[in-house]
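> give me the fold of what follows.
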Amino acid sequence: MSDAAIHPPVRIVPIESKTIDSQAAYARVEAFLQQFQQRSTPLNGGDATVPAQLYKLRESLMEENVASVGKVKNE
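Numbers count the residues shown, from 1 in each chain. Okay, the predicted model is just below:
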């Protein structure tokens with residue numbers, strides 16, 4: 001029997017939200033990933049799904065920042 005059936009995944013419910021621009025979001029995600037890498041080691045194992053999704057988010061935010069800077073320069 002799988003543990004997933006016995007222990008469902010943790011559900012995170014936000015209690016507050018703030019709007020920030022993509023540059024600030026990128027900086028926060030980047031800082032988190034750097035700290036996460038320092039805490040994690042390959043010996044710990046674990047699920048790599050969340051870090052992989054955060055790396056994709058970081059790349060998307062970087063692309064958005066580059067696009068918005070290019071748009072401002074062209075105006």
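> residues contacting residue 22?
61, 64-65, 68 (C-beta atoms under 8 Å, 6 or more residues apart in numbering). C-beta here means a position set from N, CA and C on the backbone, and glycine is covered the same way.
> which among the residues you listed end up buried?
The neighbour count (16 or more other C-beta atoms under 10 Å) marks 61, 65 as buried among the contacts of residue 22.
> may I see the contacts of residue 22 arranged in TSV, with secondary structure, pLDDT and distance to residue 36 as well?
What follows is the contacts of residue 22, written out as TSV (DSSP: H, G, I helix; E, B strand; the rest coil; pLDDT from 0 to 100; distance: C-beta to C-beta, whole Å):
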residue	secondary structure	pLDDT	distance to residue 36
61	helix	89	16
64	helix	88	22
65	helix	84	21
68	helix	81	26
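> centroid-nearest residue for the protein?
Closest to where the C-alpha atoms of the chain average out (C-alpha atoms, centre = their mean) is residue 54, at 2.9 Å.
> give the contact list for that one.
29, 32-33, 36.
> now with 6 Å?
For residue 54, the residues meeting the contact criterion (C-beta atoms under 6 Å, 6 or more residues apart in numbering) are 29, 33.
> now residue 59
When contacts are counted by C-beta under 6 Å, 6+ apart, residue 59 touches no other residue.
> so where does it fall, helix or strand?
Using DSSP states H and E, the secondary-structure element containing residue 59 is helix 49-74.
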